[in-house]
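K.L.:
Could you work out the structure for the sequence below:
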Amino acid sequence: MRYFQKIKSGIDPQPFLQEIEQVQGAWDAATGRQAKIKVQREALSIPLRGLRKSAIGDRDRRDVHESRWTGSSRSYPLACAFLKDFAEERDALLSRAKLVCLPAGHRVYPHVDRGLYYLFRDRYHLVLRSKAGSFLRAGDELVRMGEGELWWFDNKQEHEAVNDGSEDRIHMIFDLLPRALEAEIGGSRAAQDA
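P.N.:
Presented below is the predicted three-dimensional model:
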């Protein structure tokens, strides 16, 4: 496979799911993704790390490298610790991250993640809940990711996701910037609030 690689399996999703369940209305707080990103309109999200809005200036949002922890991230210390530890393990800088729920029968429509931000980063999915397995397509390749699996995939290819199961599918989705590329995008700008 060119567009997918299973990185780890056997990760216990329960502690992360318990964190989400402890926050009342967790999926209702941030609705910008559904409202502003047409291909994501059926997905719910909890942003853990987001674009640093003060860094936009005259750049397009998808060209902004700087990211920051969100206010909601404080409610998810285990998820944040996992992200930090995995970034360190990969010798990479943690960028944007979110928890995403795709309800049963819903989808993320075909799209390509374009812009300088995505060009330099690697995208990862940690499957927290998906009894039927999570269907994802990138380019001409299809996978069904299992609970407790961590996958890299090439989001620079056209990709889509479909929840063809009977319950909500929950993933932790995040981006890493390999340290070897840090200098290419301005060094300290990329590492702000890492």
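K.L.:
Now do the strands in this structure.
P.N.:
4-8, 44-51, 67-69, 92-102, 107-111, 122-129, 134-138, 141-145, 150-153, 159-162, 169-178 (DSSP state E).
K.L.:
Distance check, residue 94 against residue 104.
P.N.:
30 Å (C-beta to C-beta, to the nearest Å). No exception for glycine: its C-beta is placed from N, CA and C like everyone else's.
K.L.:
Which of those two has more residues huddled nearby?
P.N.:
Set residue 94 next to residue 104 and count neighbours by other C-beta atoms under 10 Å: residue 94 wins out with 24 against 12.
K.L.:
pLDDT score for the residue nearest to the more buried one when sequence neighbours are not counted?
P.N.:
Closest residue in space to residue 94, ignoring its immediate chain neighbours: residue 87 at 4.1 Å, by C-beta to C-beta, 6 or more residues apart in numbering. Note for residue 87: predicted pLDDT of 97.
K.L.:
Make sure residue 87 is actually in contact with residue 175.
P.N.:
No: the pair residue 87 and residue 175 does not pass the contact test of C-beta atoms under 8 Å, sitting 9.8 Å apart.
K.L.:
ok, what's across the strand from the residue sitting nearest the centre point of the chain?
P.N.:
Centrality entry for the chain: nearest residue to the mean C-alpha point is residue 173, 2.0 Å, by C-alpha atoms, centre = their mean. Beta bridges link residue 173 to residue 98, residue 125, judged by DSSP bridges.
K.L.:
any idea how far it is from residue 81?
P.N.:
According to C-beta to C-beta, residue 173 and residue 81 sit 17 Å apart.
K.L.:
So residue 95 sits against residue 49, correct?
P.N.:
Yes: counting by C-beta under 8 Å, residue 95 sits close enough to residue 49 to count as a contact (6.8 Å).
K.L.:
Where does the prediction get shaky in this protein?
P.N.:
Along the chain, segments meeting pLDDT under 70 span 30-37, 187-194.
K.L.:
Just read off the phi/psi values of the residue located most distally from the centre of the chain.
P.N.:
Using C-alpha atoms, centre = their mean, the residue of the chain lying farthest from its centre is residue 58. It sits 25.1 Å away. Dihedral angles of residue 58 (phi, psi; degrees, to the nearest 10) stand at phi -100, psi 10.
K.L.:
ok, longest helix in this protein?
P.N.:
helix 77-89 (DSSP state H).
K.L.:
for that helix, the distance to its chain's centre please.
P.N.:
Helix 77-89 sits 13 Å away from the centroid of its parent chain (C-alpha atoms, centre = their mean, to the nearest Å).
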